[in-house]
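Novice: 3D, please:
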Amino acid sequence: MDPEYVNRIQPPPIPPVITAIDLLPARASMRATDINHLKIKYFNGEKAYYVACKRQRDLQGLGSLPQTIVSLTASKLWNSEPKNVKQAYIDMAQQAYETYQQRYIALYQRRI
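Specialist: Model prediction:
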C-alpha cells in the first residue's frame, strides 16, 4: 500500500461533519437478535470516526480512494486524536444507538 495515499485524507473537523443519524444502519430489516451485534459493530466512537473520515474523503474530492486506504487512515488518525475529540465521536455513537433503539426496537417488538 502506497504510504502517500494514507496521508491524503485530512482529519475530520470538530464539530463532526456527520450526525448520529449518519451512523444508523441502512438496513432496518435486521432481526431483533442482531441488536447486541449492532451495538458493537456500528455504535462505537472509532466506527463513527471512520464514517467521518469517509465523508471527509468525499468532501476533499478523493472519492476514488479505496476503502482499505480510508480504513487505514481512519485508524491512524483515531489513534493520534486527543481525548476530547475521541469523546465527541463516542458521544455521537451513543446518541446513534439510542436513536436506533427508539426507531427500530419498537418495530421489532411489534413484529414478534
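Novice: Figure out the helix or strand that the residue minimising distance to the centre of the chain lives in.
Specialist: The C-alpha lying nearest the average C-alpha coordinate of the chain belongs to A48 (C-alpha atoms, centre = their mean; 2.6 Å). Per DSSP states H and E: A48 is located in helix 45-59.
Novice: doesn't T73 make contact with C53?
Specialist: Yes - with contact defined as C-beta atoms under 8 Å, C53 reaches T73; the gap is 6.2 Å. C-beta: built from backbone N, CA, C; applies to glycine.
Novice: any residues in contact with both of the two?
Specialist: Residues touching both C53 and T73 (C-beta atoms under 8 Å, 6 or more residues apart in numbering): I9.
Novice: And the closest residue to Y100 other than its chain neighbours, how close does it get to S71?
Specialist: Distances taken as C-beta to C-beta, 6 or more residues apart in numbering place L24 nearest to Y100, at 5.7 Å, with adjacent residues excluded. Distance, L24 to S71, by C-beta to C-beta, to the nearest Å: 20 Å.
Novice: The two: who's more crowded?
Specialist: L24 (18 against 13; other C-beta atoms under 10 Å).
Novice: for that one, what are its contacts?
Specialist: Neighbours of L24 in contact, by C-beta under 8 Å, 6+ apart: 42, 96, 99-100, 103.
Novice: which residues of this protein fall in helices?
Specialist: For the chain, helices defined by DSSP state H occupy the ranges 3-6, 35-42, 45-59, 67-80, 83-100, 106-111.
Novice: Looking at the ones you listed, which one is packed in the most?
Specialist: helix 45-59 (a mean of 21; mean count of other C-beta atoms under 10 Å).
Novice: tell me what it is packed against?
Specialist: On a contact count with 3 or more C-beta pairs under 8 Å, 6 or more residues apart in numbering; DSSP states H and E, helix 45-59 meets helix 67-80, helix 83-100.
Novice: got the angle between the shortest one and helix 83-100?
Specialist: Okay, so that is helix 67-80. In terms of direction (axes from the mean of the first three to the mean of the last three C-alpha atoms, to 10 degrees), helix 67-80 departs from helix 83-100 by 120 degrees.
Novice: Distance from the chain centre to helix 67-80, please.
Specialist: 12 Å (C-alpha atoms, centre = their mean, to the nearest Å).
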